[in-house]
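Q: with the sequence up front, the predicted model follows.
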Amino acid sequence: MTDDELRDLYRQMVTIREFESRILRLRLDGEIEGVVHPYIGEEAIAVGVCAHLRRDDAMTSTHRGHGHCIAKGADLGRMMAELFGRIDGFCGGKGGSMHIADFEIGMLGANGIVAAGLPIACGSALAAQLRDSDQVTACMFGDGVAGAGPFHECLNIAGLQRLPIVFVCEDNGWAANSVSGEMLSGTPASIAAGHQVRSTAVDGTDVLDVAAAMEEAVAVARGGEGPTLIVARCFRYQGHAYRNVDLPLPGGEEERRAWLERDPIPRFAEELARRGVELDPEAVSREVEEELGAAEDFARNSPVPALDSALADLFAEAPR
Amino acid sequence: MSERLKFFDALDAAMAAELRNDPDTFVLGTAPPAAMVEEFGGSRVREMPIAESAMTGMAVGAAGSGMHPIVLWSCVNFAFNAFDQIVNQAARIRYMFGGQADFPILFRARYLNGTRSAAQHSQTAYALFAHAGGLKVVVPSGPAEAAGLLRGSVRDPNPVILLEPERLRPLDDDVDLDAVIPLGSARVARPGDDVTVVSLGYTVIEACRAADALEAEGVSAEVVDLRTVVPLDLATIKASVGKTGRLIVVDESLPTCSVASEVITSVVEDPECLALLKSAPRRVCTAPVPVPFSPQLEDRVLPDWGDVRAAALEMTGISVADREGAGR
C-alpha cells in the first residue's frame, strides 16, 4: 500500500470512531431517537476489510453497521440524515440506524436480525457467480451468529457451490448481552472447518492484519475458489444497544485496560511512524471533526419527510 | 400456442418459458424438475440442500443484485423454516431501504389440504403471507390460470408467493402458454344473480360444484375466483355483490384473520355495498384446528361444496332441511 493509502486507512478509522462517539452522544441527549449499536473499538475490521474491496464489490452488514457503511464509502451526511429520520437519509428516513443501505456502492444493507445477512450475502455472491463477474461479497457479522442456523446453512452452501464470498466474523466476545464463548460448542473456525471452509484468525485491532487476510480471501474468491471465514478478535468498547440511558461498559477493569492498550487507532499511528509514513494525527482529528460537523448540519437542515411518504416504497410499481 | 396440460405441468412449462425469456431468471430448489436442469444447466436451475432459510435469503440477496430468482419451497410448510427471511427480509427490505432497489422474486410452494397429508403439510398459508405486508400472494385455480399467473408473477417486480393447491394435480386443460395474467385481477368463474361465492385456489372447484347443485334448486350463484390475495381485486368482488346482494367466501383456511375475513370486512366497510346486502355475509372455512390425517376427519374439517350450498340456501331463505324434506 502507498503512504496515501495507509494514511487513508487511519483517517477512516478516526472517522468511524468520531462518527460513533457523536452519534452515541446525540442518542443519549435525545437528539436522535431509536436504538444505536456503537462500533467503537472495532474500526480496524471494517476498514481492513474494505481496503481490498472495489466499489462494485458488495457488503452486507449488521445492527452494528455504521462502521461498515463508512468504510465502504457511504456519504456521512446522508448517513447522519438517516439517523435523524430525515428526507436526505439513505432510506428517506424509513430505515434508521439498523437499516442503512447504499446500493450505489454495493452496501446491501445493515440488518436488524442477527444472522439474517448471511443468506443475503450468499445471494449476492451467487448473482456474481451466475453472471460470471469477478465481484466479491463481504459478509459482516458478529460472533453471536455462530450458534444460529443460517451460519451453518450458509457455510455449507458457500463451500459446496464455491460462492465468491468472504465471511467476516467480528469476534468481540459478546452475543448481545451474553458471553459468546459460553453460548457455543466449538468456535466459529471449528464450525467452518466442519464444513470444509477455510478460515483464518486475525487481530481485529490491527488494520493491516485484517487487510492482509482480506487480500488473500478476496483473491481466492475472485479466482473462483470459494469462501473464506475471517475471524477477527476485537473488543466492543461500549454496551450492546443504546437508547437514552447510558449502560455499564463491557469487560472487567483489567480486560478493558488490556484492550485499550491495543486500541486500533493509536496503535496504527505508531505503526505508521515506525514505517516512516508522515502523519499528523491531530490534523486528521481536526479535519474529521469538521467533516462530521458538516454532516450533522446537513442532517439537521434536511427536512422531515412528507408524511405520505410513509405509504410509499412498499411495492415497485413499474411493470418489468 | 395452446397445449393440453395438467396443473403442475402447466406451471413448469410457464416457468421454463420465463427462463427462456429472461436471462436474469434462475431457479433454486431442493428438487428442481429434471427436465429444467437438463435444459438450463445445473448452475442456473440449482439443486439446493434442505436449507430453506438460506435459499430464501439467497433469493433476496440475488434479487437486490439485479437477478430474478425463482425459489421452489416444495410444500409451503417447509418455508416456515425461512420465516425471518420471508417476513423480516423479503417483505420489507424494499420499504425499509426507501425503495433503493427492487426485489423481484418468485417463491413457489404447494399446499396439500385434502390429500391426507396431516397437519404439517396442510395449510394454505396465504393469509399469513398477506399479513406480512410487502408480499404479493397468488393462488391459481386451474392449469390455464396457473400458467398465466406464473408468468404474471415472474414479470412483477416484487416478491411474489405463488401457492399451488395439490388437489388440482389431476386437472388438465387447454393452456395458452403465451398468456400472461397481471396480478390483481379476479375473474368471474361462473356468472349468477342470487348469491356471490368468492373462492380461491381449489375452493373455486368446490364453489362451482355448489353452483351447479344450487342451479338445479333454483338459486343462481356467481363464483368469483380471486386469483390474487395481494393485491385483492375488490372492484370485481364489489361489482358481484352489488348485483347479488349476498356474499359467501369459501376459504380452506382457519377463519381467524383469513382471506374470508378480509373480503367480508372490505365489503361491509363500504357503505354502498353494505346497503345492498340482503343478508349477513358468511365465511365457509376450515374448522379452527390443524388438519387431521384420517380421511373422514379431514373431510369433516375442510369446507366443501355442500357447506357452500347450505350457506347459500340459508341466505336465500330456504333452509337445507326444507329442501331435503321436499326432496324425500
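A: Arrived safely, thanks for sending. Fair warning: this is a prediction, and the values are worked out from it, not measured in the lab.
Q: count the residues that sit near A:Glu298.
A: Small correction: residue A:298 is Phe, not Glu. A count of neighbours around A:Phe298, defined by other C-beta atoms under 10 Å in any protein chain shown, yields 18. Quick note: C-beta positions are derived from backbone N, CA and C, even for glycine.
Q: again with the one 4 residues further on
A: Around A:Ser302 there are 20 other residues, counting by other C-beta under 10 Å.
Q: next, count neighbours for residue 284.
A: No chain in the question, so chain A it is. A:Val284: 19 neighbours (other C-beta under 10 Å).
Q: was after chain B, sorry
A: So B:Val284, with other C-beta under 10 Å, has 28 neighbours.
Q: name the SS class of it, please.
A: The three-state label given to B:Val284 by DSSP: H, G, I helix; E, B strand; the rest coil is strand.
Q: what's the spacing between it and chain A?
A: The gap separating B:Val284 from chain A is 30 Å, by C-beta to the nearest C-beta, to the nearest Å.
Q: give me the beta-bridge partners of that residue?
A: B:Val250 (DSSP bridges).
Q: residue boundaries of the strands in the chain?
A: In the absence of a named chain, chain A is used. A:58-60, A:137-142, A:165-171, A:174-175, A:178-179, A:198-203, A:228-233 (DSSP state E).
Q: that was the other one, I meant chain B.
A: So, for chain B - with DSSP E - the strands run B:2-6, B:25-29, B:45-47, B:68-75, B:105-111, B:136-138, B:159-165, B:172-176, B:187-190, B:195-199, B:221-225, B:228-230, B:247-251, B:282-285.
Q: out of these, which one sits most buried?
A: Stretch with highest mean neighbour count among the strands of chain B: strand B:195-199 (a mean of 31; mean count of other C-beta atoms under 10 Å in any protein chain shown).
Q: now for that strand, which elements pack on it?
A: helix B:203-216, strand B:221-225, helix B:234-244, strand B:247-251, helix B:305-315 (3 or more C-beta pairs under 8 Å, 6 or more residues apart in numbering or on different chains; DSSP states H and E).
Q: neighbouring contacts of it?
A: B:141, B:189, B:206-207, B:210-211, B:214, B:219-226, B:237, B:240-241, B:243-244, B:246-251, B:260, B:263, B:308, B:312, B:315-316 (C-beta atoms under 8 Å, 6 or more residues apart in numbering or on different chains).
Q: partner strands of that strand and their direction?
A: strand B:221-225 (parallel), strand B:247-251 (parallel).
Q: the ones you listed: which one's closest to B:Ala109?
A: Nearest to B:Ala109 among those is strand B:247-251 (17.4 Å), distances taken as C-beta to C-beta.
Q: pull the contacting residues for A:Glu170.
A: Counting by C-beta under 8 Å, 6+ apart, A:Glu170 makes contact with A:Glu42, A:Ile45, A:Arg64, A:Met140, A:Phe141, A:Gly142, A:Asp143, A:Gly204, A:Ala232, A:Cys234.
Q: report pLDDT for the closest residue to B:Phe97 other than its chain neighbours.
A: In this structure, B:Phe97 finds its nearest non-sequential neighbour in A:Ala101, 4.4 Å apart by C-beta to C-beta, 6 or more residues apart in numbering or on different chains. Note on A:Ala101: pLDDT of 97.
Q: likewise for B:Arg328?
A: B:Arg328 carries a pLDDT value of 44.
Q: just give me the neighbour total for the residue lying closest to A:Arg275 once chain neighbours are set aside.
A: Computed as C-beta to C-beta, 6+ apart, the closest residue to A:Arg275 that is not its neighbour in sequence is A:Leu6, at 7.5 Å. Each residue near A:Leu6 was counted by other C-beta under 10 Å, and the total is 20.
Q: right, and A:Leu6 touches A:Ala273 too?
A: No. Between A:Leu6 and A:Ala273 there is no contact under C-beta atoms under 8 Å: 11.2 Å.
Q: hmm, back to that, so how many other residues sit close to the residue nearest to B:Phe97?
A: A:Ala101: 28 neighbours (other C-beta under 10 Å).
Q: try the one 4 residues further on
A: Using other C-beta under 10 Å as the criterion, A:Ile105 is surrounded by 18 other residues.
Q: distance check, the residue lying closest to it once chain neighbours are set aside against B:Arg108.
A: Nearest residue to A:Ile105, sequence neighbours excluded (C-beta to C-beta, 6+ apart): A:Gly73, at 4.9 Å. Distance, A:Gly73 to B:Arg108, by C-beta to C-beta, to the nearest Å: 38 Å.
Q: kindly report the same for B:Ile86.
A: Distance, B:Ile86 to B:Arg108, using C-beta to C-beta: 13 Å.
Q: residue contacts, the residue nearest to A:Ile105?
A: Contacts for A:Gly73 (C-beta under 8 Å, 6+ apart) come out as A:Cys50, A:Arg55, A:Ile105.
Q: cool, and A:Cys169?
A: A:Cys169 touches A:Phe141, A:Gly142, A:Asp143, A:Val145, A:Ala146, A:Pro188, A:Leu229, A:Ile230, A:Val231, A:Ala232, counting by C-beta under 8 Å, 6+ apart.
Q: and those residues, which are buried?
A: A:Phe141, A:Gly142, A:Asp143, A:Val145, A:Ala146, A:Pro188, A:Leu229, A:Ile230, A:Val231, A:Ala232 (16 or more other C-beta atoms under 10 Å in any protein chain shown).
Q: which of those residues come close to chain B?
A: Contacts with chain B are made by none of the buried ones among the contacts of A:Cys169, judged by C-beta under 8 Å from any C-beta of the partner chain.
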